[in-house]
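Enquirer: Just a sequence and a predicted model for now, questions to come.
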Amino acid sequence: NFFIQFFDVLTFTKPQVSSHVSMRAGKHTVRDDRTIKLKVNTLKNWMKKFNHTYLDVFKIDIEGSEYEVLQQMIDEQWFPFTQLLVEYHQRWFDKGGNDPKHKAVLKGLADAGFVPYAKRHGNQEISYIKVKDLRYCVHGDYERKATP
């Protein structure tokens, strides 16, 4: 759970192909010249800093770190958004489709009321909607909250 800290510095591994732009959290190489240290922050801190209490859409494509971030939100039951767009990177961890982290996150999101409404690229990209927020989306007379 490396995204729990308010503000931290994490190590990232640069992509193997120099024309690619995505880095992965952690050290996934023995070569130090292929890693970089960067400052990171949490969604909670950014929302607090900019006085936001709720987001319409939260999109994450964070190269394998989505599991820790989403699991932390599930554990805290904190979902300050109506739509969630996720690019999953389970292909890096599980070749057979049975990764326990992936299954736990999918179940946790479903238990919190998120329903998938679009899936692409073999379920690597899934778009969710928090069903209880649909009334607000249609009528605007419902107070949205970060907890289910």
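Expert: All right, it came through fine.
Enquirer: which residues of the chain score low on pLDDT?
Expert: Applying pLDDT under 70 to the chain flags residues 1-7, 21, 23-30, 32, 91-97, 136-148.
Enquirer: which residue ranges form the strands in it?
Expert: Listed in chain order, the strands of the chain (DSSP state E) span residues 7-13, 24-25, 35-41, 55-60, 81-87, 114-120, 125-130.
Enquirer: partners of the fourth one, with directions?
Expert: In the sheet containing strand 55-60, its partner strands are strand 81-87 (parallel), by DSSP bridges.
Enquirer: wait, what's in contact with the closest residue to residue 71 other than its chain neighbours?
Expert: Closest residue to residue 71 apart from its sequence neighbours, by C-beta to C-beta, 6 or more residues apart in numbering: residue 105 at 6.0 Å. Where you see a C-beta, it was placed from the backbone N, CA and C, and this is true even at glycine. Listed by C-beta atoms under 8 Å, 6 or more residues apart in numbering, the contact set of residue 105 reads 66, 67, 70, 71, 74.
Enquirer: For the third one, the count of nearby residues, please.
Expert: Looking back up the chat, that one is residue 70. 24 (other C-beta atoms under 10 Å).
Enquirer: Now do the contacts for it.
Expert: 60, 86, 105, 108, 109.
Enquirer: try it again with 7 Å
Expert: Contact analysis of residue 70 by C-beta atoms under 7 Å, 6 or more residues apart in numbering lists 105, 109.
Enquirer: before we move on, the earlier item: export the strands of the chain to JSON lines and tack on distance to residue 98 and mean neighbour count?
Expert: Formatted as JSON lines, the strands of the chain follow (distance: least, C-beta to C-beta, whole Å; neighbours: other C-beta atoms under 10 Å):
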{"stretch": "strand 7-13", "distance to residue 98": "25", "mean neighbour count": "14"}
{"stretch": "strand 24-25", "distance to residue 98": "21", "mean neighbour count": "18"}
{"stretch": "strand 35-41", "distance to residue 98": "30", "mean neighbour count": "12"}
{"stretch": "strand 55-60", "distance to residue 98": "22", "mean neighbour count": "14"}
{"stretch": "strand 81-87", "distance to residue 98": "19", "mean neighbour count": "20"}
{"stretch": "strand 114-120", "distance to residue 98": "18", "mean neighbour count": "13"}
{"stretch": "strand 125-130", "distance to residue 98": "17", "mean neighbour count": "18"}
